[in-house]
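S.K.: Have a look at this fold, sequence not included:
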DNA sequence: AGATTGACTTTGATTATTCAAAGAGTGATA
DNA sequence: TATCACTCTTTGAATAATCAAAGTCAATCT
Ligand SMILES: [Mn+2]
Ligand SMILES: [Mn+2]
Ligand SMILES: [Mn+2]
Ligand SMILES: [Mn+2]
């Protein structure tokens, strides 16, 4: 029994995590619409309504019929623990087990619901208590604290020097492309030009001679933070 | 999707595994009685009857009402895959993650139902494709072959020189005791005396000066294989 | 034989999760 | 304003897993 969290069902954990993620995805809107949840979770709207009403009863969410849901403190804490497990697992699979960073998300989706506190702590320890996962996503603490350093997506910044902070982790194809083009988290690069008409972003990483061109869509999935001028003259 | 086994439910996997284990536990009797299964799985007899009838339909077991069940080839193969995952996971937790061998069983019980083929293969590879787990239990192959070298329990052998082959893995307290007394799998020792009246077994491991005394009950949970005379004189 | 016992089976119900289809609310459109 | 188009809610039903309690069988004991 020791070390084994008494856990919520897979379903509940996934629902809470998804509500959290959709909340993050649209920081402007205070509530997550049920239709969006239904789509994200791949179930019918009726299912969502039923489940959400149950969560409201349990004090995990606040539910306004025909408007949306939002997590309570309790629900948010639970969600962040799932996120924490997910990200530590991903880190472990990549750093320790040397698995492909483009393929670990799926494994983490299943493992996040069954790892014991013991096992999680051991992974964390072997990793040296990382603060971000392989995709650059921050890892919540065991008390559900999340360091909130919000960085803008590449599509919203002006030309200049940056480092990749984090990238969308949902699509293996996208992650493969990121790797091939030297745009993993931590990578410094220069955004040379933004053509607002064509929506083409031109950027340069020192690892490649040719500049890299990408669309606004892709630029929206890469978050960056500015760095001081690369060669400050004395 | 790649690497993710389409799997049976947790419940089905656990039921099949348990039928397999009970079959092994009583090699004499051809069928496992439902009451024993109910007890082992901690559910009521009615539940077992219902489930087993379903498994029979699916061709996983042969069921004789009021007599018992036995696995079909298909059911046995599935069961052995669960056992394989369980034992590779236990090995990984002990050898790679340095977790306590007395505590990994429980984690393996949960993880065995969710690891992907990919992740399992990676663990196996990092371990160097072991043939037994930390408790000395043989690991079935990916095609459900199981090397059948049946070794007798200590309680059934005459005095002489032996090595520990495998020990019961279900009880942390027992495993701790095994560790403390230098009786892990692979350990050579000498069975000096068997007192059939008191049921006391006297044995000697070179690591400890004093001989070790144990009961028939405990001796039944340790399987051993004979070794050539320790110091053959030239 | 008739009664007893223990093991197993049946039945009816419950919980969690889900779907399909029909109904209702809300805002935009003509 | 009457109507549409969406989105969400309700309802009724299904599935998997489970239990409690009542019923059945077969072997054992007077
Ligand atoms: Mn992920
Ligand atoms: Mn998940
Ligand atoms: Mn085990
Ligand atoms: Mn299990």
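M.R.: Cool, got the structure. None of the values given here were measured: they were computed from a predicted structure. Ligands and ions are numbered 1, 2, ... in the order given.
S.K.: Pick out the residue nearest the middle of chain A.
M.R.: By CA atoms, centre = their mean, chain A has its centre lying nearest to residue A:137, at 5.1 Å.
S.K.: For that residue, give me its contacts.
M.R.: Applying CB atoms under 8 Å, 6 or more residues apart in numbering or on different chains to residue A:137 gives the contacts A:87, A:166, A:169. From N, CA and C alone the C-beta is placed, and that goes for glycine too.
S.K.: Save these as TSV, and put in neighbour count, secondary structure and distance to ligand 3 too.
M.R.: Supplementary listing: those in TSV, determined by neighbours: other CB atoms under 10 Å in any protein chain shown; DSSP: H, G, I helix; E, B strand; the rest coil; distance: CB to the ion, whole Å:
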residue	neighbour count	secondary structure	distance to ligand 3
A:87	23	helix	28
A:166	21	strand	39
A:169	23	coil	33
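S.K.: What about ligand 1: which of the residues you listed touch it?
M.R.: Near ligand 1, judged by CB under 5 Å from the ion, the entries from the contacts of residue A:137 are residue A:169.
S.K.: Specify the residue ranges that define each domain of chain A.
M.R.: Domain assignment for chain A by automatic domain parsing gives A:1-148, A:154-226.
S.K.: so which of those comes closest to DNA strand D?
M.R.: Shortest distance between DNA strand D and the domains of chain A, using CB to the nearest atom of the strand, is found for domain A:1-148: 1.9 Å.
S.K.: near ligand 4 at all, the closest one?
M.R.: No. No part of domain A:1-148 sits near ligand 4 under the criterion CB under 5 Å from the ion; the closest distance found is 10.2 Å.
S.K.: Doesn't residue A:70 belong to a strand?
M.R.: Yes. Counting by DSSP: H, G, I helix; E, B strand; the rest coil, residue A:70 is found in a strand.
S.K.: which residues sit in contact with it?
M.R.: A:19, A:23, A:30-32, A:61-62.
S.K.: Out of the residues you listed, which sit inside strands?
M.R.: Secondary structure defined by DSSP state E assigns A:61-62 of these to strands.
S.K.: Show me the contacts of residue A:70 that map onto helices.
M.R.: The helices, defined by DSSP state H, take in A:19, A:23 from the contacts of residue A:70.
S.K.: and which of the contacts of residue A:70 is nearest to residue B:141?
M.R.: Of all these, the one with the least separation from residue B:141 (CB to CB) is residue A:19, at 43.1 Å.
S.K.: What separation do you get for that closest one and residue A:48?
M.R.: Look at residue A:19 and residue A:48: by CB to CB, to the nearest Å, they are 10 Å apart.
S.K.: Neighbour count: the two, which is higher?
M.R.: residue A:19 (27 against 21; other CB atoms under 10 Å in any protein chain shown).
S.K.: Wait, the more buried one touches residue A:75, no?
M.R.: Yes. Using CB atoms under 8 Å, residue A:19 is in contact with residue A:75, at 7.3 Å.
S.K.: joint contacts of those two?
M.R.: With CB under 8 Å, 6+ apart as the test, residue A:19 and residue A:75 both reach residue A:61.
S.K.: Next, the buried residues of stretch A:19-31.
M.R.: Of all the residues in stretch A:19-31, those buried under the rule 16 or more other CB atoms under 10 Å in any protein chain shown are A:19-20, A:22-23, A:31.
S.K.: ok so, going back, the domains of chain A: which one's closest to residue B:100?
M.R.: With CB to CB, the closest approach to residue B:100 among the domains of chain A belongs to domain A:1-148: 9.1 Å.
S.K.: Can you confirm whether that closest one lies near DNA strand D?
M.R.: Yes. Judged by CB under 7 Å from any atom of the strand, domain A:1-148 and DNA strand D are in contact via A:33-36, A:38, A:45-46, A:48-50, A:52-53, A:65-66, A:68.
S.K.: could you flag which of these are buried?
M.R.: The neighbour-count test (16+ other CB under 10 Å) marks A:33-34, A:36, A:38, A:48-49, A:52, A:68 as buried among the residues of domain A:1-148 next to DNA strand D.
S.K.: Which of the residues you listed fall in helices?
M.R.: Taking DSSP H as the definition of helices, these contribute A:34, A:36, A:38, A:48-49, A:52.
S.K.: possible to save the residues you listed as a markdown table with distance to residue A:118 and pLDDT?
M.R.: Shown next, in a markdown table, are these (distance: CB to CB, whole Å; pLDDT from 0 to 100):
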| residue | distance to residue A:118 | pLDDT |
| --- | --- | --- |
| A:34 | 37 | 98 |
| A:36 | 36 | 97 |
| A:38 | 36 | 98 |
| A:48 | 34 | 98 |
| A:49 | 38 | 98 |
| A:52 | 33 | 98 |
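S.K.: got CSV for those, with distance to ligand 1 too?
M.R.: Converted to CSV, those look like this (distance: CB to the ion, whole Å):
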residue, distance to ligand 1
A:34, 24
A:36, 19
A:38, 21
A:48, 22
A:49, 27
A:52, 24
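S.K.: Any regions of chain A where pLDDT drops low?
M.R.: Along chain A, segments meeting pLDDT under 70 span A:1-5, A:229-234.
S.K.: Now do the strands in it.
M.R.: Along chain A, counting by DSSP E, strands occupy A:61-64, A:68-71, A:160-167, A:188-195, A:200-204, A:212-215, A:222-226.
S.K.: picking that back up, what residues do residue A:19 and residue A:48 have in common as contacts?
M.R.: Taking CB under 8 Å, 6+ apart as the criterion, residue A:19 and residue A:48 both touch residue A:37.
S.K.: any idea how far whichever residue of chain A sits closest to ligand 4 is from residue A:16?
M.R.: Nearest to ligand 4, among the residues of chain A, is residue A:114, at 10.2 Å (CB to the ion). Counting by CB to CB, the separation of residue A:114 from residue A:16 is 16 Å.
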